[in-house]
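Engineer: Prediction below, plus the sequence it came from.
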There are 2 protein chains.
Amino acid sequence: MEKIFQEAVNDAQVIAPFQSHGHDHGQCVVEAIAAAESRCEKDGSSFTPLRRKVLELVWSSHGPVGAYEVLEKLRSSRRNAAPPTVYRALEFLMEHGLIHRIESLNAYVGCGDPARRHGGQFLICRDCQSVAELDDRAIDRAVTRRADALGFDVEQQTVEIIGQCADCSARGDNDGE
Amino acid sequence: MEKIFQEAVNDAQVIAPFQSHGHDHGQCVVEAIAAAESRCEKDGSSFTPLRRKVLELVWSSHGPVGAYEVLEKLRSSRRNAAPPTVYRALEFLMEHGLIHRIESLNAYVGCGDPARRHGGQFLICRDCQSVAELDDRAIDRAVTRRADALGFDVEQQTVEIIGQCADCSARGDNDGE
DNA sequence: TTCTATATGTTATAATATATCATATTTTAA
DNA sequence: TTAAAATATGATATATTATAACATATAGAA
Ligand SMILES: [Zn+2]
Ligand SMILES: [Zn+2]
Ligand SMILES: [Zn+2]
Ligand SMILES: [Zn+2]
């Protein structure tokens, strides 16, 4: 069991696995900010203090965060922040692949690997709200095959899978068992 | 090319293909209503005139329709219709598998086969807004495999693929070629 | 028939997102 | 080096999507 998990986690197609409860999340944020700086430098775009702060707030957990949740937190450092303040920053972060939008939740989640271009494939735990990010070629291939057969040209994938993660399943949260 | 399309269209995993521009859409609506009646009878739930009307309005095209678009149209027959009128009907139709919600568009689309239980997989044309509904086992299998490897228990899939359909591609709409 | 569950009416408001114009800051280039 | 242009943020207003709460009506069951 453990072995299977480990294989899956080490697979490059798993961009960001579910994180253990006790992991060093400060380090996650540090790495995300570093990756963002690097990415913006490459793109020749300016990673301003506001954008950095908003990215940090999105990374406050591995779960999806709503725009107004970001706004509320942002206001402790920027008293006059308004919805456009946040939405513009989120738009920038999306354009540069630093965050993804979870359509089914109207929320945003930090990207686990902004260096690599990819569409969005997510496993979302209904209990702990954690998100695992995938770039699964088998899923992509299955989608592309079917689309090709119908003469459909794929431009953007939204794959959002709701369910229960291993930890919550083990802990016996809610239904499920 | 035609042959490939035809195979794909006849495949049971394509619940509803893209429709030709000149097809008899009145017939689509008639069939959808008949299927809905049958389904509700099986479920022992009441397919009221309001719910029927809302379903017809969702079926006004093969594209996604917003709740407030439905509301506006509904008002020509029900002067006093309000948002809850529509949302409650949409909720009912969803619960009975008569429509699906397209999360990435905050919109709804009629289900091409309410008799069969299935999750949502959609190809959505960015030009003509038409939607093809899939129940593709290869996509489902790829998702399930990866989820299993991560110990994740899948409960609900949201697969929404944006792109350009064959017709629009042939007509040379916008970019794409 | 009375009770009970279901369905709809009605009003208000919550939650999410964008438009618009003003101001500040940075970059470009004459 | 300074004016013009592009970019970024401030500020206000409003659009869009969705739900809460309570009242009334209707349909089945007891
Ligand atoms: Zn972390
Ligand atoms: Zn990513
Ligand atoms: Zn039709
Ligand atoms: Zn369907």
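Structural biologist: It's in. Numbers count the residues shown, from 1 in each chain, chains lettered A, B, ... in the order given. Ligands and ions are numbered 1, 2, ... in the order given.
Engineer: And the helices in chain A?
Structural biologist: Ranges of helices within chain A are A:2-10, A:25-43, A:49-58, A:67-74, A:83-95, A:137-149, A:166-171, based on DSSP state H.
Engineer: Now tabulate these in JSON lines and tack on mean pLDDT, distance to B:Glu103 and mean neighbour count.
Structural biologist: All C-beta spots, glycine's among them, are computed from the backbone N, C-alpha and C. Below are the helices of chain A laid out as JSON lines (pLDDT from 0 to 100; distance: least, CB to CB, whole Å; neighbours: other CB atoms under 10 Å in any protein chain shown):
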{"stretch": "helix A:2-10", "mean pLDDT": "59", "distance to B:Glu103": "26", "mean neighbour count": "12"}
{"stretch": "helix A:25-43", "mean pLDDT": "96", "distance to B:Glu103": "25", "mean neighbour count": "15"}
{"stretch": "helix A:49-58", "mean pLDDT": "98", "distance to B:Glu103": "19", "mean neighbour count": "20"}
{"stretch": "helix A:67-74", "mean pLDDT": "98", "distance to B:Glu103": "16", "mean neighbour count": "18"}
{"stretch": "helix A:83-95", "mean pLDDT": "98", "distance to B:Glu103": "16", "mean neighbour count": "17"}
{"stretch": "helix A:137-149", "mean pLDDT": "96", "distance to B:Glu103": "16", "mean neighbour count": "18"}
{"stretch": "helix A:166-171", "mean pLDDT": "92", "distance to B:Glu103": "22", "mean neighbour count": "16"}
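Engineer: closest to ligand 1 out of those?
Structural biologist: Proximity to ligand 1 (CB to the ion) singles out helix A:25-43 among the helices of chain A, at 3.1 Å.
Engineer: Report whether the closest one contacts DNA strand D.
Structural biologist: No. Using CB under 7 Å from any atom of the strand, helix A:25-43 never reaches DNA strand D; the gap is at least 9.1 Å.
Engineer: Put the alpha carbons of that helix into PDB.
Structural biologist: Extracted in PDB, the C-alpha atoms of helix A:25-43 (Å, rounded to 0.1, in the frame of the first residue of the first chain):
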ATOM      1  CA  HIS A  25       4.200  24.200   5.100                       C
ATOM      2  CA  GLY A  26       6.400  27.200   5.500                       C
ATOM      3  CA  GLN A  27       8.800  25.500   3.200                       C
ATOM      4  CA  CYS A  28       6.100  25.000   0.600                       C
ATOM      5  CA  VAL A  29       5.400  28.700   0.600                       C
ATOM      6  CA  VAL A  30       9.100  29.600   0.400                       C
ATOM      7  CA  GLU A  31       9.500  27.300  -2.500                       C
ATOM      8  CA  ALA A  32       6.400  28.600  -4.300                       C
ATOM      9  CA  ILE A  33       7.600  32.200  -3.900                       C
ATOM     10  CA  ALA A  34      11.000  31.300  -5.200                       C
ATOM     11  CA  ALA A  35       9.500  29.400  -8.200                       C
ATOM     12  CA  ALA A  36       7.300  32.400  -8.900                       C
ATOM     13  CA  GLU A  37      10.200  34.900  -8.800                       C
ATOM     14  CA  SER A  38      12.100  32.700 -11.200                       C
ATOM     15  CA  ARG A  39       9.100  32.300 -13.500                       C
ATOM     16  CA  CYS A  40       8.300  36.000 -13.600                       C
ATOM     17  CA  GLU A  41      11.900  36.800 -14.300                       C
ATOM     18  CA  LYS A  42      11.900  34.400 -17.200                       C
ATOM     19  CA  ASP A  43       8.600  36.000 -18.500                       C
END
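Engineer: which strands and helices sit next to it?
Structural biologist: Judged by 3 or more CB pairs under 8 Å, 6 or more residues apart in numbering or on different chains; DSSP states H and E, helix A:25-43 is in contact with helix A:49-58.
Engineer: okay, the angle between the helix it packs on and helix A:67-74?
Structural biologist: 110 degrees (axes from the mean of the first three to the mean of the last three CA atoms, to 10 degrees).
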